[in-house]
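**Student:** curious how this folds, go ahead:
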Amino acid sequence: MRRALLAWYRANARALPWRDAPSLYKTVVSELMLQQTQVKTALPYFERWMRALPDFAALAAAPETRVLKLWEGLGYYTRARNLHKLARALVAMPAPPRAPEAWRELPGIGPYTAAAITSITYGAPVACVDGNVVRILARLTADATEHRDSSAAAKYFTPLANALVNPRDPGDHNQAMMELGATLCTRAAPQCPRCPLRAHCAAMRAHDAGGPAPEIFPHFAPKKYETQTHPRLWLVRARTTSNPNPNSQAQTKTPALLLHRAAPTARRLAGIHELPTPDHLALNPSDLALRTAPLIATQNRSITRYRITENVHALVLTRHLARQIKTAVAHSGGALQWIPLRDIDQVTLSGPHRRLIQKIQAALLGR
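**Tutor:** Residues are numbered from 1 along each chain as shown. Okay, the predicted model is just below:
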């Protein structure tokens, strides 16, 4: 199985930037980016990141705002903060650790990431077990065990994965398993006839004998999702400013959008800007401004087990509302900020709200 897998990988591996002149830094950055993110999504971020922060020293010296801006749109911003902390920890060490156990003591490094980094960089004979590997092993063994979630499944299959890892080339073995799961042994419509492990696959043998298709493996308990609906507010003001041209007496109106920045200690989206909610502005749901505010956009998003619908309402800045907003901004400790629309690309927004703001601006311009 090892020989077939490696032969296939070396003939078919995708050309990816972290595989071109591989290094510890490239492996670390790519592995953290690829957590809960598809390769095609991560690619432009990785290339931009490497241009801006080419090594651990550059990353360690960068301010957090720069790190988060480069990460903007990838989501799960804790990964970016952990990568930042990791770089600072590594540059303070005489040398990076080589053992998986030592890497697991560092910020943002779990069993899978520690195995990936040390097997690829140092040849540590330890298996990486992610969703791709779970899927392959479940099909190879036709294991019908029902797992609570992906973490439980990874723990269940880790002993088998470690028994199968190629001790002569664990890095390529692990990358081959991940590549196989991403390209052929996919969740839906796996390309079994092209699979290098088809001769070893119990699920395929069972299917050939009249059994169910291999894609029924692995088995997971049904997920329970919680649906939520949240209002968001679109509030733009135009402030009159002097023309910067000293020879001109003209004045211009600069429109600014009110945004809310999550606290640095927030569990999710710490330090990230989004459109505010009525609660952020201390507005009562019965307030006339809210009740009469037109709906201008709706967006669905998912965060862990939550399925969230966000309805954006445009508020008209009356004198009374302006006083309320001014008070809310003054008491927000900097969380509420007026951002000139021309500078909106310079702040770090969550990916969904970046798209939401672009959608609303396009719609308003279209009118």
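
**Student:** helices of the stretch 51-200 of the chain, start to end?
**Tutor:** 56-61, 64-71, 78-91, 100-103, 111-122, 131-141, 150-164, 170-183 (DSSP state H, counting those that start in this stretch).

**Student:** need the nearest residue in space to W234, chain neighbours excluded.
**Tutor:** Distances taken as Cβ to Cβ, 6 or more residues apart in numbering place A314 nearest to W234, at 4.5 Å, with adjacent residues excluded. In short, each C-beta sits where N, CA and C put it, glycine included.

**Student:** wait, isn't that neighbour in contact with I296?
**Tutor:** Yes. A314 is within contact range of I296, at 4.8 Å (criterion: Cβ atoms under 8 Å).

**Student:** any residues in contact with both of these two?
**Tutor:** Shared contacts of A314 and I296 (Cβ atoms under 8 Å, 6 or more residues apart in numbering): W234.

**Student:** remind me which residues of this protein are low pLDDT?
**Tutor:** Within the chain, the segments meeting pLDDT under 70 span 239-252, 366-367.

**Student:** let me see the contact set for the residue nearest to W234.
**Tutor:** 233-235, 293-294, 296 are the contacts of A314 under Cβ under 8 Å, 6+ apart.

**Student:** list phi and psi for it.
**Tutor:** Dihedral pair for A314: phi -90, psi 120, per degrees, to the nearest 10.

**Student:** that one and L295, how far apart?
**Tutor:** According to Cβ to Cβ, to the nearest Å, A314 and L295 sit 8 Å apart.

**Student:** equivalent analysis for L16, please.
**Tutor:** Taken as Cβ to Cβ, the span from L16 to L295 is 43 Å.

**Student:** do A161 as well
**Tutor:** Following Cβ to Cβ, the distance that separates A161 from L295 is 50 Å.

**Student:** outline the domain layout of the protein.
**Tutor:** In terms of domains, the chain is parsed into 2-220, 226-366 (source: automatic domain parsing).

**Student:** ok, and for the strand or helix carrying P352, which residues are buried?
**Tutor:** Using DSSP states H and E, P352 falls within helix 351-366. Neighbour counts over helix 351-366 (16 or more other Cβ atoms under 10 Å) mark 351-354, 356-357, 360 as buried.

**Student:** all strands of the stretch 201-350 of the chain, in order?
**Tutor:** With strands called from DSSP state E, counting those that start in this stretch, the stretch 201-350 of the chain shows them at 219-220, 226-234, 236-242, 251-261, 273-274, 295-303, 306-314, 336-340.

**Student:** isn't R98 right up against A124?
**Tutor:** Yes. At 7.2 Å, R98 and A124 qualify as touching, with contact defined as Cβ under 8 Å.

**Student:** out of those two, which sits in the busier spot?
**Tutor:** A124 (21 against 13; other Cβ atoms under 10 Å).

**Student:** if you skip the residues just before and after it, what's nearest to that one?
**Tutor:** Closest to A124 by Cβ to Cβ, 6+ apart is T118, at 3.8 Å.
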